[in-house]
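Novice: have a look at this prediction, sequence included:
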Number of protein chains: 2
Amino acid sequence: MKTATQQHPPGKQKIINAMRTLLEARTFESLTIAEIALTAEVTEGLIYKYFKDKRDLLHYVLKEHYQKFLDQIDRDLQGIDGALNKLKKIIYSSIERYANHRVFARIILLEVRNSEEYFHSEAYLLVRQFNHLLIDIIKEGIATGEICRDLPPAVIRNAIFGTIEHSCLNRVIFDEPVSSSDTAKIITDLIFDGIRK
Amino acid sequence: MKTATQQHPPGKQKIINAMRTLLEARTFESLTIAEIALTAEVTEGLIYKYFKDKRDLLHYVLKEHYQKFLDQIDRDLQGIDGALNKLKKIIYSSIERYANHRVFARIILLEVRNSEEYFHSEAYLLVRQFNHLLIDIIKEGIATGEICRDLPPAVIRNAIFGTIEHSCLNRVIFDEPVSSSDTAKIITDLIFDGIRK
DNA sequence: AAAGTAAGTAAATATTATTTACCTCTGTGG
DNA sequence: CCACAGAGGTAAATAATATTTACTTACTTT
């Protein structure tokens, strides 16, 4: 995974920044092109020069963010041994990221999944990549005997992700503050050992 | 909870049916009022007679469905003892419903959460009601010692829901068929006893 | 039968997204 | 050195849609 933070023309960068700023507090659908252009101090036409349409811009913002996220995960995982330890780290990093990057959280938890195009976007490619990483770690854990072999890897991944996402949703939607490290510990305990006494 | 399937004027009912039909295969955002009216064999104006706007119609369809779902959950829970047994039943019923009612699944998993209005809708009130039911069962389980007392009820609920939703998402989005009872069993095992060997 | 009202219509209007045709620099090969 | 290609950018027209308005029609109630 190479970083190489791309250098955009000033107008394009202003559009991206405006989108991010506006999404901080507002819903994607509620934003108008006129408003985005105004915030970016750019004309509406320029947005269509760089992006296919409004959604394409959204997907682009997500893609950039997801790239940074994956890079960080890669760094975080350096030198960690054992599938469960790796999963623990990923859980923590994911929650941290949702907590510290509201726009990212908004987009991925609420804004993209309702359109077909998302599933054909480059952003979604990165999501799949992350997905594979997870599945591989889970398979590794099953192979080494750390993880129960009766559970399909995909379901385990769904449990991890689903739990994290739902736990972050209220924070994103209603702006409720929660401690990342506490949440991460609780979720890890739950996923690893279940809820039964 | 009273059922009392309401009797709508023919026009209103046709609008609701059209919405349901169209959502079977298409994204909410991609539907136009013109198209909905055409499918319903009704004029566009009539839609606004009965619903505040396009989203309000969506929320209405969800509300009607959620009502039926809650009624069924109530019936399903009759005569079941023990918090874990109740949770098991709820997990099964939820997955079943997502599997057999694609429109319901589409709406709740993908279409509503991206707008503020949803969280002020009557449909969301029902979601909260269901939520409380779950939390109460979990608390009961903690009180009787069935469920580990170190985990906050809200996180347990997030885990249950998050796992179910993510497991149903692929089915909804890509039309992948999965066995409800198998999925329910696996999810129950995972949530109850964790992934650790 | 008059008044009131629910169901429904048709056409105008408003709001936005998107397209088009254009301008203006700046660096590059002939 | 010059013309010209192409990137960055603009302004205004157009198209697609949601929403509002003012108006029927038919049925109830008194």
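Specialist: Okay, I see it. This structure is a prediction, so every number in the text was calculated from the model and none was measured.
Novice: so is the helix or strand where A:Val103 lies next to chain B?
Specialist: Per DSSP states H and E, A:Val103 falls inside helix A:102-106. No: for helix A:102-106, no contact with chain B is found by C-beta under 8 Å from any C-beta of the partner chain; the gap never falls below 8.9 Å. Using the backbone N, CA and C atoms, a C-beta is placed for each residue, glycine as well.
Novice: I'd like the next helix or strand past that helix.
Specialist: Following helix A:102-106 toward the C-terminus (DSSP H and E): helix A:122-144.
Novice: what packs against that following helix?
Specialist: Helix A:122-144 sits against helix A:54-77, helix A:83-100, helix A:153-174, with contacts defined as 3 or more C-beta pairs under 8 Å, 6 or more residues apart in numbering or on different chains; DSSP states H and E.
Novice: sorry, back to before: average pLDDT for the helix holding A:Val103, rounded please.
Specialist: The average of the pLDDT scores along helix A:102-106 is 94.
Novice: who does that helix touch, helix- and strand-wise?
Specialist: helix A:10-25, helix A:54-77, helix A:83-100, helix A:153-174.
Novice: looking at those helices, which is buried most?
Specialist: For these, average neighbour numbers computed from mean count of other C-beta atoms under 10 Å in any protein chain shown are highest in helix A:153-174, which has a mean of 21.
Novice: report whether it contacts chain B.
Specialist: Yes: residues of helix A:153-174 contacting chain B under C-beta under 8 Å from any C-beta: A:155-156, A:158-159, A:161-167, A:169, A:173.
Novice: next secondary structure after that helix?
Specialist: Trace forward from helix A:153-174 with DSSP H and E and the next one is helix A:180-193.
Novice: ok, back up a step: including distance to A:Ala37, could the helices and strands packed on helix A:122-144 go into TSV?
Specialist: Below are the helices and strands packed on helix A:122-144 laid out as TSV (distance: least, C-beta to C-beta, whole Å):
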stretch	distance to A:Ala37
helix A:54-77	11
helix A:83-100	28
helix A:153-174	26
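Novice: dump these into CSV; add distance to DNA strand C as well.
Specialist: Listed next are the helices and strands packed on helix A:122-144 as CSV, based on distance: least, C-beta to the nearest atom of the strand, whole Å:
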stretch, distance to DNA strand C
helix A:54-77, 4
helix A:83-100, 26
helix A:153-174, 22
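Novice: and the nearest residue to A:Tyr66 once chain neighbours are set aside, how many neighbours does it have?
Specialist: Among residues not flanking A:Tyr66 along the chain, A:Leu126 sits closest, at 4.3 Å (C-beta to C-beta, 6 or more residues apart in numbering or on different chains). Neighbour count of A:Leu126, defined by other C-beta atoms under 10 Å in any protein chain shown: 19.
Novice: likewise for the one 3 residues further on?
Specialist: Around A:Gln129 sit 12 other residues, with neighbours defined as other C-beta under 10 Å.
Novice: where does A:Arg196 fall, phi/psi-wise?
Specialist: Note on A:Arg196: its backbone torsions stand at phi -70, psi 140 [degrees, to the nearest 10].
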